[in-house]
Structures are given as C-alpha cells and as structure tokens.
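Colleague: Model the following, please.
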Amino acid sequence: MKVLLVDDEKASLLITRRMISKIPNMEIVGCFQNTKEAFHFVESNKVDIALVDINMPNENGLDFVRRVTREVKDIAILFLTGHKEYALEAYDLHVFDYILKPVTQAKLENSIQLAIEKLVFLQSAKQMEDSPKLFINTLGNLDVRGANSELVRFTSSKSVELLCYLLLKKGRAVSKWNIIEDLFGGMLPRNAVTYLNTTIYKLRNSLDPFGMRAVIVSSGESYRIETKDIYIDFIDFENNVTAYRNIQKNNLEDVLKTEKLFCGELFEERDYSWSLSEKERISELYLSLAKKTIWYLLDNGMLTAALSIAKKIIKINEFDEEANCILMRIYAARRDKVLLKRQFILYSNMLDNELSIKPGDYIIKLYNELIKTFR
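Modeller: Numbers count the residues shown, from 1 in each chain. A predicted model of the protein is given here:
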C-alpha cells in the first residue's frame, strides 16, 4: 500500500514515518509539510492511504481532504491530529479514521489495517458495479451469459433474432415498423405488431433472471437495447481494430488478443438477411487485421503464431489467394517442402474442381520461387 503523510510539524512527520515503516507492506511515497505540494503529488501519483494533520497554516487538513476527495477517488483518508474538536466535521467527510496524537504503534497499525480492509471492499464493490452484467459473444456461435457465466435461455428463435438485430444498432432506437419490415416481413401489419410485442415480452423474460429485463427499452413506437452494462464482443473487436493502425512490438500482445476475439463470422450459421452486409464488413475487418498481423509475425520470425492465423483465414475463405500465398511462405520459412507442395496442390485442385480455373500467375511464380530455395 502506498502511503502519503501530510503534517506541518517536522518532528511529528518523522515519528509517523518511523511508525509506518514498521508496518509490513507499507510504502511511504511522499512526506509533505504543506498541502499545496501534497495535492500536486496526489494529482499525478498513486496513493492508497493518506495520513493528514488538521491544524496547518494556509490550508487546514479538512479543506485539503475536501479537495482531494473531490478530485481524486479511492484514497483512504486518516486524520492524525492533536485536536479532538474537529472529529464530527472530519467524519462528515467520510474519512476512514480520526486518530488523536500521541498515537501508539498498536493503534496506528489497527487503524491502517481497518482502512485497508475497507478500501479493498470498496474497490471490489466498484469493480463489480462497473463490470458487465451480461456477456454476449456474436463472433462465431451466439453465446449469451450472465456475470456468473450462466447461460441465458431463450424461449423462441425470434427473440434471439430480435436481440441480435438490436445489438447491431449499438443502442440506437429503431422504429417498430422497421423491425417488422426486417424481421416479420410478409405478415399482415396487425399480426406483425402482435408478434413483435410477444417477441419483446419473451426476450425480456429471458433476460429477467439476470437483472437485465430493462435493457430492452421502449420509447414511443421505437425500441433499443441499453448496452452500458453489456459486453458485446463485436463492438470490442471493432473498437480495438480501429486502434491498431500499425502493429508494433509494444502493441503486439493486444493485437493478438483482438485477433483471437474473432472466433467466426458474425452470428455464424444464423444468416439473417438484415445482417449480411455487417457480417461481410466485420469479416473484412478481421481479414485486414489478420493479414497485417501475419506479415509482422513473419518479418519477426514468429512462424508458429503466423501459421495459426493463416490457417484461420483460409478456413474462413479457402479461395483467398493472398492467404494461400502467405501460408506457402510460412511453410517455406519453416523449411517444410512437403507442406509447401501440398498447399499449392490443394489450392490448385480446389480452383479446378470448384471454379474450373487455374491458379493466377502470381501464386504460380511465387510457388516456383519458394521451391527453388530448397535446392
């Protein structure tokens, strides 16, 4: 735990410092005799616990703590003072403890231990509050789970489709007539409205056990999904891809994590007509990232990782000439002539059998050049 000491009396500061140094796992990161310097330090440095005197010149400890708690969160404040008359005012500031001088080693240790326990509890509670309450994976097989990993059970295929539809809108409201046109086309309007209302009811009921019924929001004749407490993988994937314009050593680990998010096409086997353009767009985003990543890995001799991604690309589109060229380059770099030959033959036969065409001049030339390197 990182500890800050603020006291205008040098002797008192030295005594407190000596006592803190005897407590395990405590690191004193700053000692200040005025609040101005202490505040500047807190603004730019991590502090877990601050022990603050009250009677100080210019700005007293109470005003200092008001500033700190307004600007900086998650600091356990303990007042360490010789004046008991400020106790009520101090506790109004929600400080962790009010310790009167002179303080014993045992009392100080006990107060700090209680402060640590409370701080850990508050941080854990905040993490739980900030963490998603629903996890939706759409890249590959659709998977919807609560925070405890329990699977959300849907009672109709239409409620699943409606969820997917609203997810693609990313929180934007959609008129019920647009939903009806896209999901219930061909029905009589009156029947379609009834069917939509039933579908929304079933979707909300499926989400209800996870405390997420209210995320399906209706407003007038429009519907949307509130995404604040939901992790949605394709949105995470998109946001990350746009951040990685260039792949470098310092972001490679994050790039590889993003690449792994793509477990298959959007909604995989669910070929919803309204999702086809988005499905294609996100797949293209993945292919662009994956190919950039492979070239970086190849240039830096990371052949195993490059091979894994290249195979994944070809699984998505076995006709992708660039991906087949990359795979052949990897086999050549690994000095595996057998697999290099096999890949070229597989690609050639597939083109002949499926499309009745021959490989392009570029891949033929590349293959011949790579084969020559084995002689």
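Colleague: residues contacting the closest residue to I326 other than its chain neighbours?
Modeller: With sequence-adjacent residues excluded and distances taken as C-beta to C-beta, 6 or more residues apart in numbering, I326 is closest to A310, at 5.1 Å. C-betas here are computed from N, CA, C, even on glycine. Going by C-beta atoms under 8 Å, 6 or more residues apart in numbering, A310 touches 294, 323, 326-327, 330.
Colleague: Remind me which helix or strand A310 belongs to.
Modeller: helix 303-316 (DSSP states H and E).
Colleague: List the buried residues in that helix.
Modeller: For helix 303-316, burial by neighbour count (16 or more other C-beta atoms under 10 Å) applies to 303, 305-307, 309-310, 312-314.
Colleague: Which one of those is nearest to L151?
Modeller: Nearest to L151 among the buried residues of helix 303-316, counting by C-beta to C-beta, is K312 at 25.7 Å.
Colleague: That closest one contacts A290, doesn't it?
Modeller: Yes: applying C-beta atoms under 8 Å, one finds K312 in contact with A290, separated by 7.0 Å.
Colleague: quick one: which of the contacts of A310 is most hemmed in?
Modeller: I294 (27 neighbours; other C-beta atoms under 10 Å).
Colleague: coming back round to it: make TSV out of the buried residues of helix 303-316 and add pLDDT.
Modeller: Compiled in TSV, the buried residues of helix 303-316 are given as follows (pLDDT from 0 to 100):
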residue	pLDDT
L303	94
A305	94
A306	94
L307	94
I309	94
A310	94
K312	92
I313	93
I314	93
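Colleague: Which of those sits closest to V160?
Modeller: K312 (26.0 Å).
Colleague: Now do that closest one against G264, distance only.
Modeller: According to C-beta to C-beta, to the nearest Å, K312 stands 10 Å off from G264.
Colleague: same deal with L285?
Modeller: Distance from L285 to G264, by C-beta to C-beta: 14 Å.
Colleague: Equivalent analysis for R213, please.
Modeller: Taken as C-beta to C-beta, the span from R213 to G264 is 29 Å.
Colleague: For those two, indicate the residue with more neighbours.
Modeller: Neighbours per residue (other C-beta under 10 Å) separate R213 from G264, with G264 holding more: 17 against 13.
Colleague: Would you mind pointing out the helix or strand that one falls in?
Modeller: Using DSSP H and E, G264 falls outside every helix and strand.
Colleague: what residues are up against it?
Modeller: 139-141.
Colleague: How about G30?
Modeller: When contacts are taken as C-beta under 8 Å, 6+ apart, G30 is in contact with 4-5, 38, 41, 45, 47.
Colleague: Dump these to TSV, plus distance to M26.
Modeller: Output for these, formatted as TSV (distance: C-beta to C-beta, whole Å):
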residue	distance to M26
L4	11
L5	11
A38	18
F41	17
N45	16
V47	12
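Colleague: pretty sure L289 is touching A243, no?
Modeller: No: counting by C-beta under 8 Å, L289 sits too far from A243 to count as a contact (10.7 Å).
Colleague: Between those two, which is the more surrounded one?
Modeller: Legend: neighbour count by other C-beta under 10 Å for L289 and A243, higher for L289 (21 against 11).
Colleague: Would you mind measuring from the closest residue to that one other than its chain neighbours to K260?
Modeller: Distances taken as C-beta to C-beta, 6+ apart place V241 nearest to L289, at 5.2 Å, with adjacent residues excluded. Distance of V241 to K260, computed by C-beta to C-beta: 13 Å.
Colleague: Outside of the helix or strand R281 falls within itself, list whatever touches it.
Modeller: Per DSSP H and E, R281 falls inside helix 276-299. Helix 276-299 has contacts (C-beta under 8 Å, 6+ apart) with 139, 168, 234, 237-238, 241, 244, 247, 252, 255-256, 258-259, 262, 265-267, 303, 305-306, 309-310, 312-313, 316-317, 320, 322-323, 326, 329-330, 333.
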